[in-house]
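Enquirer: Could you look at this predicted model? Sequence included:
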Amino acid sequence: MRFASFVWKSSLRNRRRSLLTISSIAVSMCLLSVLMSVYQALYLAEPTPAEALRLVTRHRVGLGQPLPAAYLGRIERVPGVREAMRWQWFGGTYKDQRDTRNFFARFGCQPDRLRIMRPEYSMPEEAWRQFTSDRTAAVVSRKVASRLGLQVGDRVTIVGDIFPVNLELRICGIYDDPQHEEALYYNDDYVNESLPVTSPLRDTTGTIQILASSAAAVPSVAQAIDAMFANSPAPTKTETEQQFALSFVSFLGNLKLFLMAICGAITFTILLVSANAISMSVRERVREVGVLKTLGFTAGGVLGIILGEALMIALAGGVLGCAMGGVLCIGARNAVAMFLDGLSLTPEVAGVSLAVAAALGFFSALAPAWHAARTSILDALRYSG
């Protein structure tokens, strides 16, 4: 610490190279922190108390295969099940499908059960009453309503694609959700009763959402449901709400391995960049090392000064990279809220990113610093470059 000011001035001796090195480290640490934040949000995030109680039952083959709606009654009788509800993805087109702003989730549900299944939804009592009593009523999240300019009483038409039915809905309520999801809920009976009697989609549901009586009962409930329908024509797979969401991410392949491989490549690349910059800096100052030793600096002192310079540059890039990563996380969370709602640069991720930056700075400078510290005064002073 006695030589902090000297280290600072030395690190800025070649300002262009130092700024380029800091910028390179910052960009790399930005990408690294974002990737680690994505990994944490997808695989390490703790579910909310409400999410921890919810499960989703779907066809074991895939979401393209519907379940008989009659499964709902049998699931309700499973020990540990507090409530269950049909939960149907409608799809469809709202206005112009070429405009990505018109995309939001459209779910069919049972309105009298949605309030129990989603206690985190906040909406006026009158809106809940209308949603339960009117088959054509719908509720929409605050985020969707703000983006599309929807208000209570507006009429919304959604042209069906999966189902040969067009939804003519009236917005009866706008709910607030702490996770700021983008969704519209309608009465699933509306679509079911609009389908022809001979339609294979009639009296079916895509998934069944389940609310367990306690978090401890979740594993046993999932096992009991899947065992109940194991030998039926439509076997089921029951998983937690968090696992169900991750199943969509799995369509991209082994995302865990993909993220880890990119992080490793970024770390190795920035190690080479940092090592090259530090080696150039040390090579230019070999004679200066001889002068320092002549003035009484020990080999350990020279080693500490060079390592300190590398650490200072690396940490400067790390701090800047974490700041950039935090901004990118906010943008990614707003763009893909359905899967990355919990994405943020947490103190843990920032700490790991800075530790990686410091380690890269240390190990990239270790070899040239060690060589400079061991160089004799005579060899250093007669070094001509």
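Expert: Received it, and whenever you're ready, just let me know what you need.
Enquirer: can we go C-alpha only for contacts and neighbour counts from here?
Expert: Will do.
Enquirer: so where's this protein shaky on pLDDT?
Expert: By pLDDT under 70, the low-scoring segments of the chain are 1-12, 14, 248-254, 284, 286, 334-342, 380, 383-385.
Enquirer: Please point out which parts of the top helix by length along it sit buried.
Expert: In the chain, with assignment by DSSP state H, the single longest helix is helix 299-335. Residues 299, 302-326, 328-330, 332-333 are the ones in helix 299-335 that count as buried (16 or more other Cα atoms under 10 Å).
Enquirer: the inter-axis angle of the strand or helix carrying residue 258 versus helix 299-335?
Expert: Following DSSP states H and E, one finds residue 258 within helix 255-284. With axes from the mean of the first three to the mean of the last three Cα atoms, to 10 degrees as the basis, helix 255-284 and helix 299-335 are set at 140 degrees to each other.
Enquirer: so what secondary structure elements neighbour helix 255-284?
Expert: Counting contacts by 3 or more Cα pairs under 8 Å, 6 or more residues apart in numbering; DSSP states H and E, helix 255-284 is packed against helix 15-39, helix 347-374.
Enquirer: any idea which helix or strand comes after the first one?
Expert: Which is helix 15-39. Criterion used, DSSP H and E; the element after helix 15-39 is strand 54-59.
Enquirer: That next one: how far from the chain's middle?
Expert: Centroid separation for strand 54-59 versus its chain: 22 Å, with Cα atoms, centre = their mean, to the nearest Å.
Enquirer: Strand partners (parallel or antiparallel) of it?
Expert: Partners of strand 54-59 in the sheet, by DSSP bridges, are strand 207-212 (antiparallel), strand 236-240 (antiparallel).
Enquirer: Show me what counts as buried in that strand.
Expert: Judged by neighbour count (16+ other Cα under 10 Å), strand 54-59 contains these buried residues: 54, 55, 56, 57, 58, 59.
Enquirer: Okay, and the beta partners of the last one?
Expert: Here residue 59 sits in beta bridges with residue 236, as judged by DSSP bridges.
Enquirer: show me the residues around it that make contact.
Expert: Neighbour list for residue 59: 65, 66, 67, 206, 207, 234, 235, 236, 237 [criterion: Cα atoms under 8 Å, 6 or more residues apart in numbering].
Enquirer: so what's the second one closest to, chain neighbours aside?
Expert: In space, and not counting its chain neighbours, residue 66 is closest to residue 206: 4.7 Å by Cα to Cα, 6 or more residues apart in numbering.
Enquirer: got it, and residue 123?
Expert: According to Cα to Cα, 6+ apart, the nearest residue to residue 123 is residue 175 (4.8 Å).
Enquirer: ditto for residue 38
Expert: Nearest in space to residue 38, with sequence neighbours left out and distances taken as Cα to Cα, 6+ apart, is residue 343 at 6.3 Å.
Enquirer: so how many other residues sit close to that neighbour?
Expert: 26 (other Cα atoms under 10 Å).
Enquirer: Now do the buried residues in stretch 48-68.
Expert: Residues 51-60, 65-68 are the ones in stretch 48-68 that count as buried (16+ other Cα under 10 Å).
Enquirer: And for stretch 264-275?
Expert: Buried positions in stretch 264-275, judged by neighbour count with 16+ other Cα under 10 Å: 266, 267, 270, 271, 274, 275.
Enquirer: Pretty sure the fourth one sits against residue 364.
Expert: Yes - taking contact to mean Cα atoms under 8 Å, the distance of 6.0 Å between residue 271 and residue 364 places them in contact.
Enquirer: Span of stretch 246-265 from start to end?
Expert: For stretch 246-265, the first-to-last residue distance is 25 Å (Cα to Cα, to the nearest Å).
Enquirer: what does stretch 109-124 give?
Expert: Note: stretch 109-124 ends 19 Å apart using Cα to Cα.
Enquirer: Give me the secondary structure label for the residue lying closest to residue 156 once chain neighbours are set aside.
Expert: The shortest distance from residue 156 to any non-neighbouring residue, by Cα to Cα, 6+ apart, is to residue 169 (5.1 Å). Using DSSP: H, G, I helix; E, B strand; the rest coil, the three-state assignment for residue 169 comes out as strand.
Enquirer: how close does residue 169 get to residue 161?
Expert: Counting by Cα to Cα, the gap from residue 169 to residue 161 is 16 Å.
Enquirer: for residue 285, same thing?
Expert: 70 Å.
Enquirer: Same drill for the two, tell me which one is more crowded.
Expert: With other Cα under 10 Å as the criterion, residue 285 and residue 161 differ in neighbour count, and residue 285 comes out ahead with 15 against 12.
Enquirer: host element of residue 112?
Expert: Element membership for residue 112, per DSSP H and E: helix 111-117.
Enquirer: Only the buried residues of that helix, if you could.
Expert: 111, 114, 117.
Enquirer: Now flag whichever of those is closest to residue 18.
Expert: Nearest to residue 18 among those: residue 117, at 55.9 Å, using Cα to Cα.
Enquirer: Excluding chain neighbours, what is closest to that closest one?
Expert: residue 211 is the one closest to residue 117 (Cα to Cα, 6+ apart), at 6.2 Å.
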